[in-house]
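Enquirer: quick one: sequence and predicted model below, then my questions.
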Amino acid sequence: MANGKQIEMRDPADTPMLIATVGAGTIGTGVAQALAAANYRVLLLDRSEVQLGRALRNIRRGLRTERLLGGCTRALDPEEILRRIEPITDPKQLARTPVVIENVTENWTIKEKLYREMAKFTEPETVFCANTSTIPITRIASVTRYPDRVIGFHLTNPVPLMPAVELVRGHHTSPSTIRVARQLVSGLGKHAILVEDSPGFVTSRVMMLAINEAISLLQEGVVSTPLEADRLLKTCFGHKMGLLETADLIGLDTVLDSSEELFRSFNDDKYRPSPLLRRLVAAKLLGRKSGQGFYRYYEASS
Ligand SMILES: NC(=O)c1ccc[n+]([C@@H]2O[C@H](COP(=O)([O-])OP(=O)(O)OC[C@H]3O[C@@H](n4cnc5c(N)ncnc54)[C@H](O)[C@@H]3O)[C@@H](O)[C@H]2O)c1
């Protein structure tokens, strides 16, 4: 069913709009920071108060570092940016916003339940930007009241620094929803690349396969350490980051969930998650978020 009422996106520099970001984990934290730095007001929803506290601490740290490094928010006081973010745990508050960016755990059961719940509390014209890595947008839209209002909005980590957003057109996504998403991307100072719906879209389908292969090479002993594997790719191909560093940044649990989704969706062995990846996740070595993955980190990020 389509809904006729349209959302008018405003330039955040003129009148700050209220945008909700649901899920305050690895990526949701970056989304909230990027929105607030771009002068949006942000409702940051998570089911966990503890996670919201961590997210705000990480945003404060991120903004201070960016200021020290002379990033684009250097002229702004980190505390002023933080004041634009309102942490909440009650989904009823979503009725206050015309746009929701959803970033909860990469698990269909969790996302399905959330979208059904959000349908009860949001206005019919609300646009849902699904920041999933692999779950098809048409499937997500199928559990909402207005599937034309759902679009894939695939941001990559670290959100404040990455220049592009992969927008994904679901089967029912309307031109006006694409327009709203494009305006939001440009309000964030990024550019949008629109692709069609398919599990993993373009970026995750390629990236998860490559990461999984790098993990298999490590497991087989073809390369002896994560550092060597990453150094090869960086020096031979000029990549800024190695695949194992990237996996740690994404979160190994999210890499595993994403690979499982691709494996199920395509029913193709090439996406089967490597046993070493499963073992690390079972051992709760999740990468930066837990303080250790393929590498050790001074401080866990969540
Ligand atoms: N990590 C990345 O680099 C990355 C990049 C692009 C897209 N994504 C996608 O973003 C989504 C989140 O990934 P992540 O890495 O941030 O995961 P994460 O595990 O770090 O965080 C997920 C957050 O969702 C919260 N949550 C779960 N159910 C909820 C609910 N019903 N209501 C409110 N909050 C809820 C959890 O408490 C947690 O804080 C996934 O779909 C993932 O595929 C992740």
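Expert: Everything's here; your move.
Enquirer: name the residues of this structure found near the ligand, please.
Expert: Within the chain, the positions adjacent to the ligand are 22-28, 45-48, 51, 103-106, 110, 114, 131-133, 154-157, 250-251, 254, 258, 289 by Cβ under 6 Å from any ligand atom. Glycine gets a C-beta too; all of them are placed from N, C-alpha and C.
Enquirer: mind showing which ranges of this structure have poor pLDDT?
Expert: For the chain, the stretches flagged by pLDDT under 70 are 1-4, 70-75, 300-302.
Enquirer: strands of the stretch 151-300 of the chain, start to end?
Expert: With DSSP state E, counting those that start in this stretch as the criterion, the stretch 151-300 of the chain has strands at 164-169, 191-196.
Enquirer: which of the residues of the chain next to the ligand fall in strands?
Expert: Mapping the residues of the chain next to the ligand onto strands (DSSP state E) picks out Val22, Leu45, His154.
Enquirer: how about the residues you listed in CSV, adding neighbour count?
Expert: CSV is the format used below for these (neighbours: other Cβ atoms under 10 Å):
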residue, neighbour count
Val22, 25
Leu45, 28
His154, 25
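Enquirer: which of those residues lies closest to Ser176?
Expert: The shortest approach to Ser176 among those belongs to His154, at 19.9 Å (Cβ to Cβ).
Enquirer: wait, that closest one touches Met162, no?
Expert: No: with contact defined as Cβ atoms under 8 Å, His154 does not count as touching Met162 (10.5 Å).
Enquirer: buried sites along stretch 83-94?
Expert: Residues of stretch 83-94 classed as buried by neighbour count (16 or more other Cβ atoms under 10 Å): Arg84, Ile85, Pro87, Ile88, Pro91, Leu94.
Enquirer: which of these sits closest to the ligand?
Expert: Pro91 (6.9 Å; Cβ to the nearest ligand atom).
Enquirer: over to Thr225: give its phi and psi.
Expert: For Thr225, the backbone dihedrals (degrees, to the nearest 10) come out as phi -140, psi 160.
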